[in-house]
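In: Take a look and give me a structure for this.
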Amino acid sequence: MAKDTATKQQKPELDNSYFDHKDIDNLKRFVNQFGQIENRHRSSANRDKPVLRACEQKRLSKAVKRARFLALLPFINRDTDS
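Out: Sure, this is the predicted structure:
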């Protein structure tokens, strides 16, 4: 018996948004002045998309955490003027 492909629900295509932990300039756009990772709605203001999807936000947070562990990004931004 042949499967009816018209009744199958198709999965949406995944966007190939990839956050590389070595691309520091791109990651700095998603980190605020205190070194915190911005939430999905605020970090999307820097991009063309309306909001980051949950899977994109997870990829972003993993990339930022890896960059911090490798000392490419600081854990916190300290002011030297104080």
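
In: Show me which helix runs longest in this structure.
Out: Assignment by DSSP state H gives helix 54-69 as the longest helix of the chain.

In: which helices and strands does that one pack with?
Out: The contact analysis (3 or more Cβ pairs under 8 Å, 6 or more residues apart in numbering; DSSP states H and E) places helix 54-69 against helix 24-28, helix 40-43. All C-beta spots, glycine's among them, are computed from the backbone N, C-alpha and C.

In: Identify each buried residue in it, please.
Out: Counting neighbours by 16 or more other Cβ atoms under 10 Å, one finds that the buried residues in helix 54-69 are 56-57, 59-60, 63-64, 66-68.

In: can you list the weak-confidence ranges in this protein?
Out: Scanning the chain for pLDDT under 70 picks out the ranges 1-17, 43-50, 79-82.

In: give me that answer again for 50
Out: 10-14 (pLDDT under 50).

In: For the longest helix of the chain, output the C-alpha coordinates as CSV.
Out: Below are the C-alpha coordinates for helix 54-69, written out as CSV (Å, rounded to 0.1, in the frame of the first residue of the first chain):
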residue,chain,number,x,y,z
ALA,A,54,14.6,29.0,20.5
CYS,A,55,17.1,26.8,18.7
GLU,A,56,19.0,29.8,17.5
GLN,A,57,19.1,31.3,21.0
LYS,A,58,20.5,28.0,22.3
ARG,A,59,23.2,28.0,19.6
LEU,A,60,24.0,31.6,20.5
SER,A,61,24.3,30.9,24.2
LYS,A,62,26.5,27.8,23.6
ALA,A,63,28.8,29.8,21.4
VAL,A,64,29.1,32.6,23.9
LYS,A,65,29.8,30.2,26.7
ARG,A,66,32.5,28.4,24.7
ALA,A,67,34.1,31.7,23.8
ARG,A,68,34.1,32.7,27.5
PHE,A,69,35.6,29.4,28.5
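
In: Noted, bye for now.
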